[in-house]
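[1] using only what follows, build the 3D model:
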Amino acid sequence: MDRLRLPVLLGLSLAVGLLVTAPQRAEAQGTFYVVELQTGMSEAAYQRGDLGLSFGVTAGVTFKLKRLPVRWYLLGNLTSRNSVVEGRLGSAGFTAERRDLDVYAAQRFVVPVYRQIRLFAEGGLGQRYVQELVTRSDLGAQRSGQHQLLIVVAGGVQARINETFSLGLRGEWMPLSSDGVLTEALTGLSSTRNRLSGMAQLGVHF
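    Predicted structure coming up:
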């Protein structure tokens, strides 16, 4: 897991640096389409786990009313969140792996703050597809899949480097519980409530 964290932390550091040092002249004109790549870390799916790698892609359309400073984004998002935890239940050792594939539509509001800097807030609704793999020393490997209602609340800061590219940092909160039924039954672990994620994003605007 430490090997996964290093490139993510380096990416976040680079994004912060570019947000701070981006040229003030980069006051991009409005565009109509956006594609964003995101990567970062999410809270573990289970309370005893470590942070897990998350990555995803967002695409959509943007529009703005001339008399209002707010720009609206209509977006579709596909994000994978991964989590691994090891432990023991009595005399049996186990490894629990989980991958959440989040598919949702979102509405984003973007407000310019100063020059190239924008703040944004976002709300999304969709489905989470959960794949679990639990390997126990006394039972072998057990798999399970399910899907659940997903709500995502996000916010962050974005810098338009020029008319085409932007860099940003975003935080995400998922208020609904996302129980891993198989893992809870075979390991005694409790699912993490109100999971949080932090990610850097690279946007292409056209």
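[2] which strand residues bridge Val85?
    Ala96 (DSSP bridges).
[3] so who does it touch?
    44-46, 48-50, 95-96, 187, 189 (Cβ atoms under 8 Å, 6 or more residues apart in numbering). The way it works is simple: take the backbone N, C-alpha and C, and place the C-beta from them, glycine included.
[4] per-residue pLDDT of the residue of the chain positioned farthest from its centre, please?
    In the chain, the residue that sits farthest from the middle, by Cα atoms, centre = their mean, is Ser91; the gap is 35.9 Å. With respect to pLDDT, Ser91 scores 88.
[5] okay, and the beta partners of Gly168?
    Gln158, Gln201.
[6] residue contacts, it?
    15, 19, 36, 120, 156-159, 200-201, 203.
[7] ok, the residues you listed vs Leu176, which is closest?
    Using Cβ to Cβ, Gly156 is the member of these that lies nearest Leu176, at 20.7 Å.
[8] can I get the helix or strand hosting Leu186 in PDB, CA atoms only?
    Secondary structure from DSSP states H and E places Leu186 in helix 181-187. Extracted C-alpha coordinates of helix 181-187, given in PDB (Å, rounded to 0.1, in the frame of the first residue of the first chain):
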ATOM      1  CA  VAL A 181     -22.100  -8.300   3.400                       C
ATOM      2  CA  LEU A 182     -19.700 -11.100   2.700                       C
ATOM      3  CA  THR A 183     -16.700  -9.500   4.400                       C
ATOM      4  CA  GLU A 184     -18.700  -8.600   7.500                       C
ATOM      5  CA  ALA A 185     -20.000 -12.200   7.800                       C
ATOM      6  CA  LEU A 186     -16.600 -13.900   7.300                       C
ATOM      7  CA  THR A 187     -14.300 -11.500   9.100                       C
END
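[9] chain center to it, what's the gap?
    24 Å (Cα atoms, centre = their mean, to the nearest Å).
[10] just checking, what packs against that helix?
    strand 71-89, strand 92-114, strand 117-136, strand 140-160 (3 or more Cβ pairs under 8 Å, 6 or more residues apart in numbering; DSSP states H and E).
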